[in-house]
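Colleague: sharing a model that was predicted from the sequence below.
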2 protein chains.
Amino acid sequence: MTEYGQITDYETFELGDVRLQSGATLRGAKLAYKTHGTLNERKDNAILYPTSYSATHKNEEFRIGEEKALDPGKYFIIQVNMLANGLSSSPSNTPMPFNQARFPNVTVLDNVLCQHRLVTEKFGIERLALVVGFSMGAQQTFQWGAAFPDMVQRIAPICGTASTTPHNFVFIDGFTSALRADAAWNNGFYDKQPVIGIRAMGRVYAGWGLSQAFYYRRLYLEHGFSSLEDYIVTNWEGNFLKKDANNLLAMAWTWQHADIGMTPGCGGSREKALGSIKAKAMIMPGQTDLYFPPVDVEYEAQFIPGAEVRVIPSVYGHAAGGSLSPEDMAFVEKGLKDLLEME
Amino acid sequence: MTEYGQITDYETFELGDVRLQSGATLRGAKLAYKTHGTLNERKDNAILYPTSYSATHKNEEFRIGEEKALDPGKYFIIQVNMLANGLSSSPSNTPMPFNQARFPNVTVLDNVLCQHRLVTEKFGIERLALVVGFSMGAQQTFQWGAAFPDMVQRIAPICGTASTTPHNFVFIDGFTSALRADAAWNNGFYDKQPVIGIRAMGRVYAGWGLSQAFYYRRLYLEHGFSSLEDYIVTNWEGNFLKKDANNLLAMAWTWQHADIGMTPGCGGSREKALGSIKAKAMIMPGQTDLYFPPVDVEYEAQFIPGAEVRVIPSVYGHAAGGSLSPEDMAFVEKGLKDLLEME
């Protein structure tokens, strides 16, 4: 039983049939989105905020609010759900014959091109004050900057790289292999969720999502969990069990194949694509992130003319960009506010 | 089809019925070992070299040879196979009813106590010039130093900690969950190996065994592999497929529960156990090791009076302590030689 049906606080933008990078067609494509605040008359106060892996807009709403950088009293904030996340077009909600394992592979660029139609066709926005995202949301953020350099004024990629590195690819390969090891997965054509595989995936992911020091210091005890096992079952098995297995695998495919070098006109060059970004960039990797480590983020940032890198000084691993640690949240808030003040 | 039957260059020491730390009995226990060189008359040139996770003595023989620190012309080197590795008593070779999933849990200390009987009863050795081991072999090495402080002159733990840290525990939990997700595992009572689960375990392990930089620089291409996928299938799926699933899980249990604080007389205190080590210790963690990171090794080393820590400057992750990189091997060689020269 997935959580998707229980989430209803969003609207849907119908895209019709969308030709994908691969040549496949995503028929009857739709994007689920939620807006906060009001678009002003000049239409220059819009912020786009795409979701991260396995998340919906609800999981990332914590960053929006009065007094925060993403202040709906000041900005028109569009949270857009990534394709395959269960609310936008996904294996779990696409009609036959493109349902389940037949859902076509979508790239980060496919996501961004669909989002561009939402922003321009639905809202008539020609310029975005900011694109901001965490993790896979950061990948979409970089891709926005490269695909539409004249449209994006600022980007804030948090805990993510523009292109997925080989080690990150291997990490994703590991947790997806754990899910697929469950015969109940049945090559994607299951009637019931392959819960053993999803639980195994959660247990694999647990070691990667936080840092060695997080576990060493038993910081999960400070967040309402009574033991290591309680944390792993509740947070890792429990959260992935709310999702659909094919959705998890489809988003993992998107992640593994994130490659900003595929931006049209860049001839496959990551460096050229990064160099084409005109937005002011506030790039915030997590100091102890095990799959988007600062070194990979810093490598890419050097090619973006208007980039500043601020490493989040945190033992929360990849979750430094999330809502677990108040200190990390304050650090990211500061970065976002500083960026929004830059002209 | 496991590789165990094909390995025949070893001898077996019969231990009879061994009472384990847990209270269980390992009946008809045996240790598989291989010796190199000759024990001198004073019996003071013996080196004990226990195996690491999933390895046999054959995988670790690369460190032994003329001109090397472990020179069989000078030393009497005993390679001892860890319990559950397929050659010593293991789920795969123990008769009913303690075969397969009923093989009892064995600890690092259980291993060391069995090895102590081999060393003293079989060879009449009262003092070891060195105990050396890699990874789980390092855990046994530390445990030797704490359990028999007056017997061990030197220890050289390579890429390992004395006690398994919480994050390391979670990492192991991840890859064992991937194996168990395969229904063919059947709670350990299978007729054929659960090959899908073993392959998934290999793919999970791949991301942990080397470092981010190893994959970033595509160093697998320098070691006879033609692509990332070729490397993962050959090295990770392929090597684990030679093993028995229950053996892999039994050794993983030993690893997860490594706790030098359980040394008799130490009252559960890791620090006290480490402080009881009288051996000169040359401790060599790998700079980019993701599950035995230098910080954890250095924490423990501070409690050992005669310890020197030398971090292997390497991008080979945990494999810095293995045979992949000639530079890493030379670094470790130097450390071992320097240690053996210390009186």
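Modeller: Arrived safely.
Colleague: report the spatially nearest residue to A:Leu228, omitting neighbours in sequence.
Modeller: B:Pro166 (6.2 Å; CB to CB, 6 or more residues apart in numbering or on different chains). C-betas here are computed from N, CA, C, even on glycine.
Colleague: thought that neighbour was touching A:Tyr215?
Modeller: Yes. Here B:Pro166 reaches A:Tyr215: they are 3.9 Å apart, a contact under CB atoms under 8 Å.
Colleague: now do the shared contacts for those two.
Modeller: Overlap between the neighbourhoods of B:Pro166 and A:Tyr215 consists of A:Leu228, taking contacts as CB atoms under 8 Å, 6 or more residues apart in numbering or on different chains.
Colleague: still on that earlier bit, what residues are up against the residue nearest to A:Leu228?
Modeller: A:Tyr215, A:Tyr216, A:Arg218, A:Leu228.
Colleague: which among the residues you listed end up buried?
Modeller: Among the contacts of B:Pro166, those that count as buried by neighbour count (16 or more other CB atoms under 10 Å in any protein chain shown) are A:Tyr215, A:Tyr216, A:Leu228.
Colleague: and of those residues, the nearest to A:Leu339?
Modeller: For A:Leu339, the nearest member of the buried ones among the contacts of B:Pro166 is A:Tyr215. The distance, counting by CB to CB, is 32.1 Å.
Colleague: ok so that closest one is a helix residue?
Modeller: Yes. A:Tyr215: assigned to a helix according to DSSP: H, G, I helix; E, B strand; the rest coil.
Colleague: from B:Glu67, how far out is the residue lying closest to A:Ala206 once chain neighbours are set aside?
Modeller: The spatial neighbour of A:Ala206 that comes closest, neighbours along the chain excluded (CB to CB, 6+ apart), is A:Trp236 at 4.4 Å. Distance, A:Trp236 to B:Glu67, by CB to CB, to the nearest Å: 49 Å.
Colleague: so between the two, which is more surrounded?
Modeller: Under the criterion of other CB atoms under 10 Å in any protein chain shown, the comparison of A:Trp236 against B:Glu67 puts A:Trp236 first, with 23 against 7.
Colleague: ok, that one - contacts?
Modeller: Going by CB under 8 Å, 6+ apart, the list of residues near A:Trp236 reads A:Gly202, A:Arg203, A:Tyr205, A:Ala206, A:Gly209.
Colleague: mark which of those residues are buried, thanks.
Modeller: Neighbour-count burial within the contacts of A:Trp236 applies to A:Gly202, A:Arg203, A:Tyr205, A:Ala206, A:Gly209; the criterion is 16+ other CB under 10 Å.
Colleague: closest to chain B out of the residues you listed?
Modeller: Closest approach between the buried ones among the contacts of A:Trp236 and chain B, by CB to the nearest CB: A:Arg203, at 4.0 Å.
Colleague: what about the host helix or strand of the closest one, distance to the chain center?
Modeller: Under the criterion DSSP states H and E, the helix or strand holding A:Arg203 is helix A:195-209. What separates the centre of helix A:195-209 from the centre of its chain is 19 Å, taken as CA atoms, centre = their mean, to the nearest Å.
Colleague: which non-adjacent residue is nearest the residue positioned nearest the centre of chain A?
Modeller: By CA atoms, centre = their mean, the mean C-alpha position of chain A lies nearest to A:Ser52, the distance being 2.1 Å. Distances taken as CB to CB, 6+ apart put A:Ser135 closest to A:Ser52, at 4.0 Å, once the chain neighbours are dropped.
Colleague: quick one on the thing from earlier: as CSV, the buried ones among the contacts of B:Pro166 with pLDDT and distance to B:Glu333 would be great.
Modeller: What follows is the buried ones among the contacts of B:Pro166, written out as CSV (pLDDT from 0 to 100; distance: CB to CB, whole Å):
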residue, pLDDT, distance to B:Glu333
A:Tyr215, 96, 33
A:Tyr216, 94, 31
A:Leu228, 97, 38
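Colleague: closest to chain B out of the residues you listed?
Modeller: The nearest member of the buried ones among the contacts of B:Pro166 to chain B, counting by CB to the nearest CB, is A:Tyr215 at 3.7 Å.
Colleague: residues contacting that closest one?
Modeller: Under the criterion of CB under 8 Å, 6+ apart, the contact partners of A:Tyr215 comprise A:Leu228, B:Thr165, B:Pro166, B:His167, B:Phe169, B:Val170.
Colleague: out of those, which sit inside helices?
Modeller: With helices identified by DSSP state H, the entries of the contacts of A:Tyr215 that belong to them are A:Leu228, B:Pro166, B:His167, B:Phe169, B:Val170.
Colleague: can you get me a residue count around the last one?
Modeller: This points to B:Val170. 26.
Colleague: my guess is it meets A:Ile232, correct?
Modeller: Yes. Under the criterion of CB under 8 Å, B:Val170 is in contact with A:Ile232, at a separation of 7.1 Å.
Colleague: overlap of the contact sets of those two?
Modeller: Overlap between the neighbourhoods of B:Val170 and A:Ile232 consists of A:Arg203, A:Ala206, taking contacts as CB under 8 Å, 6+ apart.
Colleague: how about the residues of the stretch 201-343 of chain A by chain B?
Modeller: Counting by CB under 8 Å from any CB of the partner chain, the stretch 201-343 of chain A comes close to chain B at A:203-208, A:210-216, A:218, A:228, A:232, A:290-291, A:293, A:295-296.
Colleague: so who does the closest residue to A:Ala213 other than its chain neighbours touch?
Modeller: Distances taken as CB to CB, 6+ apart put A:Val315 closest to A:Ala213, at 4.0 Å, once the chain neighbours are dropped. Contact analysis of A:Val315 by CB under 8 Å, 6+ apart lists A:Ser211, A:Ala213, A:Phe214, A:Arg217, A:Leu219, A:Gln287, A:Thr288.
Colleague: next up, the contacts around A:Leu130.
Modeller: A:Ile47, A:Leu48, A:Tyr75, A:Gln153, A:Arg154, A:Ile155, A:Ala156, A:Leu336, A:Leu339, A:Leu340.
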